[in-house]
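Colleague: got a sequence here, can you model it:
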Amino acid sequence: PVKGKQGCVRFRHNCQAPSWSELLSGRNGLRSLALAGGVALHAVNMYVVTTILPSVVADIGGLEYYAWNLTLFVAASILGSALSPKIIDSWGVRTGFLVAIAVFSAGTTGCALAPSMPWMLLARTVQGLGGGMLLGLSYASVRLVFEERLWPLAMVLVSSMWGVATLGGPAVGGIFAQTGHWRLAFWSILPGCAVLALLVVTQLSRAA
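Modeller: This is a model prediction of the structure:
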C-alpha cells in the first residue's frame with residue numbers, strides 16, 4: 001500500500017488511463033505532430049501523385065511507363081520502411097528523421113523538375129525511399145519518444161494519418177490537376193518537409 005497524501009496522488013496518477021489531452025498538449029503534442037507528420041507527408045504525397053499522374057503524362061509523355069510510377073515508389077517505400085530500425089540503431093531518431101526528410105525532399109524536388117518520364121521515375125524512386133523511411137521511423141519511434149502508457153493512443157494518432165490522407169490527398173491533387181499546375185503539387189509538399197524538420201530538431205533532439 002502507498003502511504004501519505006503525496007504517495008496517494010502519485011499512485012492515482014500512475015494508474016489513471018492515458019488521455020488524448022495528455023498526448024496532444026505541451027511537448028507531447030509537438031512530438032505527436034512530428035511523428036504523425038512523417039506518416040502524413042508520405043501518405044498525402046501518394047494520393048496526390050496518383051491524382052495528378054494523368055496530367056503529368058499528358059505534359060511530359062511516357063504513357064508506357066505509367067504503371068511503373070507507382071510500382072517503383074511502393075517498392076522503394078517498402079525498402080525504406082525495412083531500413084528504419086537499422087537507421088535508428090545507427091543514427092538515432094533525430095538524425096534518422098532528418099536524413100529521411102532530406103531524401104524525401106530531394107526526390108520531391110526531382111519530381112517537380114522532371115522533363116521526362118524516365119527522370120520522373122528516378123525521382124519517384126528516391127521519393128519513395130525517403131517516404132518509406134519516414135513511415136517506418138514514425139511508427140518505430142513511438143516507443144522511444146513517449147512513455148509506455150501513451151503508446152496505444154500515439155499509435156492510433158499516427159495510423160489515423162492514412163485516413164486524413166485518403167480524404168485530403170485526392171482533393172489537393174485534383175485542384176492542381178484541374179488547374180494544369182501539376183508541378184506545383186510537388187513544390188507544395190516541400191514547406192511541409194521544412195516544418196517537419198523543424199519539429200524534429202526542436203522536439204526529438206533528446207530521443208534515443
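
Colleague: downstream of the helix ranked longest in the chain, the next helix or strand is which one?
Modeller: Longest helix in the chain by number of residues (criterion: DSSP state H): helix 66-113. Using DSSP states H and E, the helix or strand that follows helix 66-113 towards the C-terminus is helix 117-140.

Colleague: averaged pLDDT, that next one. What do you get?
Modeller: On average, the pLDDT along helix 117-140 is 96.

Colleague: starting at the chain centroid, how far to that helix?
Modeller: Relative to the chain's own centre, helix 117-140 is displaced by 10 Å; criterion: Cα atoms, centre = their mean, to the nearest Å.

Colleague: over to stretch 25-42?
Modeller: For stretch 25-42, the distance to the chain centre is 9 Å (Cα atoms, centre = their mean).

Colleague: and what of stretch 85-101?
Modeller: Chain-centre distance of stretch 85-101: 14 Å, with Cα atoms, centre = their mean.

Colleague: could you do stretch 131-151 as well?
Modeller: Distance, stretch centre to chain centre, for stretch 131-151: 11 Å (Cα atoms, centre = their mean).

Colleague: how long is that stretch end to end?
Modeller: 22 Å (Cα to Cα, to the nearest Å).

Colleague: can you give me the buried ones in that stretch?
Modeller: 131-142, 145-146, 150 (16 or more other Cβ atoms under 10 Å). Yep, even glycine has a C-beta here, placed from its N, CA and C like the rest.

Colleague: next: stretch 189-196.
Modeller: Of the residues in stretch 189-196, those buried (16+ other Cβ under 10 Å) are 189, 192-193, 196.

Colleague: ok, so of these, who is nearest M155?
Modeller: Nearest to M155 among those is L196, at 18.9 Å by Cβ to Cβ.

Colleague: need the contact list for that closest one.
Modeller: 34, 37-38, 41, 97, 101 (Cβ atoms under 8 Å, 6 or more residues apart in numbering).

Colleague: at the geometric centre of this structure, which residue sits there?
Modeller: The chain has G38 as the residue nearest its centroid, 2.1 Å off, counting by Cα atoms, centre = their mean.

Colleague: what is the host helix or strand of it packed up against?
Modeller: Here G38 sits within helix 26-60, counting by DSSP H and E. On a contact count with 3 or more Cβ pairs under 8 Å, 6 or more residues apart in numbering; DSSP states H and E, helix 26-60 meets helix 20-24, helix 66-113, helix 117-140, helix 142-145, helix 151-179, helix 182-187, helix 189-203.

Colleague: show residues contacting stretch 94-110.
Modeller: Here stretch 94-110 has contacts from 34, 38, 41-42, 45, 80, 84, 87-88, 90-91, 119-120, 122-131, 133-134, 137, 141, 186, 189-190, 193, 196-197, 200-201, 204-205, 207, using Cβ under 8 Å, 6+ apart.
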